[in-house]
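[1] Model the following, please.
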Amino acid sequence: MENAIQQIELNIERLGEQDGAEGIDFEELQIKLEGYLKEPININTATRDELDDLGLLSQLQILAIIKHREKFGNFVTIEELQSINAFELEIIRLLQPFLYAGEKDRVTISLEEMLSRSKKQLLIRSTRVLTRTSGYEKDSTGNSTYLGSPQNFYVRYRQSYSKKYSFGITAEKDPGEEFFKGSQKNGFDFYSAHLFLKEVWKFKVIALGDFQLAYGQGLGLWTGLAFGKTNDIATIVRNARGITPYTSVNELQYNRGVAFAFELSKFQFDFFASRRKVDANLIVPNDSADNEVAFSSLLTSGLHRTQSELDDKNALEQTLYGTHITYKNKSGEIGGTLSSIQYDKEFRRNVDLYNQFQFTGSKATNAAIDYKMVAGNKLFFGEMAYSFTAQASAMLHGLMVSLDPKLSAAIVYRDYGLKFIPVASNPIRESSTFNEKGFYIGINARPVRAFTFSGYIDIFQFPWLRFSVDAPSSGYEMLGQVNYTPSRKLDFYFRYRNQLKQQNTVSGVSEYQPYLVNFDQHNYRFNVTYKITQSFSVHTRAEWIKVILDKNEETGFAIMQDITFKPFSFPLSFTARYILFDSRSYNARIYAYESDIYGTFSIPAYYNRGSRYYVNVRYKVNKAIDLFVRYSNTTYSNITAIGSGNDAIDGNIRNDLRIALTWEF
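    Now for the predicted structure:
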């Protein structure tokens, strides 16, 4: 079990360190993987959807497993995957905790049995910035800008059985928010609950309360976990999970209402309806004859620490409803999505030249067609969407091909129209799901056993103006990574990433004649991981960044050392990191994935000059209870104040403490 838990952490860290992972809800990913750890997938009876939902297999690998079963019968062991060209030993080791080869057929289980045999987990977590910030300072009247305490409190209860049943309640208080007083007399600022059932009665899925939706390639409708461009080309193809329970605390990316799905022959029909309150800035437009209220922007932070933030809380009612129909056969699938979003107030943005074609009003309706088709060693995928409200379209088409057992490639073309309205979209993109065209090509190669090369180049253009870009612009991004793994104990990789974009500058010309200059960024990373014993490993990384902006050069550097001690039989384990960084500008900031206490992960930006360390400790009290503690310290040597506004710290040191307790029963 301990080895499997370490494998989950390894998978999350591997994904977290990829470019394109910023903003990913890793808590959702961890919950999903731990569910499969407790209830592994039987590779002999799993459907394509179940293998897809795992999120660790490419579409070509999933189809290769199914074709192998049809041709040769059931797998005897997981190691038999080595006989399939799409799998190598390293990949199989990553999958082993979550798959097994069994003979037992699927059985139907009643709802009463699900409830009686379900597993329960209670998670309690608290975090705090120990160093005082200006938002908590008292004024002459004894009041502070932030109304509540600096502690963050999080509680989650979840009861589940396999992937067939899940019930959960989640509550969170952010730092600075009141707690059981003032504006929060009911305790926590945010509550979420869900009831999720699979294969009950005539339904394939029933979701009540909070849920997420993911269809096609993210162009028509997608809320929830999704990676951007990464060094692993498998992530360029979206694994649409359809209707899933919502278990996180992101106060924007979820739906609240009811959703259900049922199958009829080779068709699946999904229906969903959501209505909930969202935060927004309310205004009275100048041309309003009767002082009718509108909104100028949606707020995404979920923070309600000050009176002004409370004034914007739940100011708007959002309704989302629609349907998705899928037809599947052995060669692939084709689906159609129809969705509509509506607000109870009109959206009246501050119109400028660059945004004059973007959405205004109170309702938008979109339709989309998505597809995945397999022909031999090739996977064709894509999605086409149309906005009825704006009479504009967007499209994405791609091809993934296994050219050889040791070489695969992917090509993607996208064209997101200038006036297209993304109802709730999250496709592969550089900037926004409108006013963008791009062409991506990536490869994964393993010329010899110890060496792996992966990389991509993405060329994009923006046909119209954007914020801070007062002319049509273009750019590219390319990434290359070489891994050398001579043994299971030792792994090296070197990564180079180059991004070039265009932005405004007024240097040397009249302020009325801005022109575009290149923002040229180069990242160089060297990383080595050495597993000294089964329980003890070290991880060293050095990264250098250079940014050239209008002939001015800015650089940054960071070097970090990790130590991990996770014995199998001893109840105490820990991870620690020490990092030195020197980056004098925000443009030359360096991102680095950090492991954290249970259910929390972060990818902070390092800039200025200083050092940082953190220690994560896990103590297994008994088989059911685990205690997690994390302490971190950041010390700057070139500044005397950290941050700005209400989050400013008067000094050069920031300390954080996080504590979590899990109880499984």
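[2] Could you report the pLDDT at residue 211?
    Residue 211 carries a pLDDT value of 96.
[3] So what's the residue count around it?
    Look at residue 211: counted by other C-beta atoms under 10 Å, it has 26 neighbours. For the C-beta atoms, the positions are set from N, CA and C on the backbone; glycine is no exception.
[4] Make residue 1 into 138 and carry on from there
    Yep, numbering from 138; the last one is residue 348 now.
[5] what residues are up against it?
    Counting by C-beta atoms under 8 Å, 6 or more residues apart in numbering, residue 348 makes contact with 331, 333, 380-383, 391-394, 396, 409, 411.
[6] out of those residues, which are inside strands?
    331, 333, 380-382, 392-394, 396, 409, 411 (DSSP state E).
[7] measure stretch 766-783 end to end?
    Start-to-end span of stretch 766-783 (C-alpha to C-alpha, to the nearest Å) is 27 Å.
[8] Other residues contacting it?
    270-272, 282-283, 313, 442-443, 721, 733-734, 745-754, 756, 785-796.
[9] returning to that earlier point: export the ones in strands among the contacts of residue 348 to JSON lines and append columns for neighbour count, pLDDT and distance to residue 707.
    Supplementary listing: those in JSON lines, determined by neighbours: other C-beta atoms under 10 Å; pLDDT from 0 to 100; distance: C-beta to C-beta, whole Å:
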{"residue": "331", "neighbour count": "22", "pLDDT": "97", "distance to residue 707": "36"}
{"residue": "333", "neighbour count": "24", "pLDDT": "95", "distance to residue 707": "36"}
{"residue": "380", "neighbour count": "23", "pLDDT": "95", "distance to residue 707": "42"}
{"residue": "381", "neighbour count": "23", "pLDDT": "92", "distance to residue 707": "36"}
{"residue": "382", "neighbour count": "27", "pLDDT": "92", "distance to residue 707": "35"}
{"residue": "392", "neighbour count": "25", "pLDDT": "96", "distance to residue 707": "43"}
{"residue": "393", "neighbour count": "19", "pLDDT": "97", "distance to residue 707": "44"}
{"residue": "394", "neighbour count": "17", "pLDDT": "98", "distance to residue 707": "47"}
{"residue": "396", "neighbour count": "26", "pLDDT": "98", "distance to residue 707": "44"}
{"residue": "409", "neighbour count": "22", "pLDDT": "98", "distance to residue 707": "47"}
{"residue": "411", "neighbour count": "21", "pLDDT": "98", "distance to residue 707": "47"}
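[10] Residue 264: neighbour count?
    Applying other C-beta under 10 Å, I find that residue 264 has 20 neighbouring residues.
[11] Surely it touches residue 793?
    Yes - the pair residue 264 and residue 793 qualifies as a contact (C-beta atoms under 8 Å) at a distance of 6.9 Å.
[12] My guess is residue 300 contacts residue 177. True?
    No - using C-beta under 8 Å, residue 300 is not in contact with residue 177; the gap is 11.0 Å.
[13] Buried residues of stretch 759-776, list them for me.
    763-769, 771, 773 (16 or more other C-beta atoms under 10 Å).
[14] quick one: average confidence on it?
    Confidence over stretch 759-776 (mean pLDDT, whole number) is 96.
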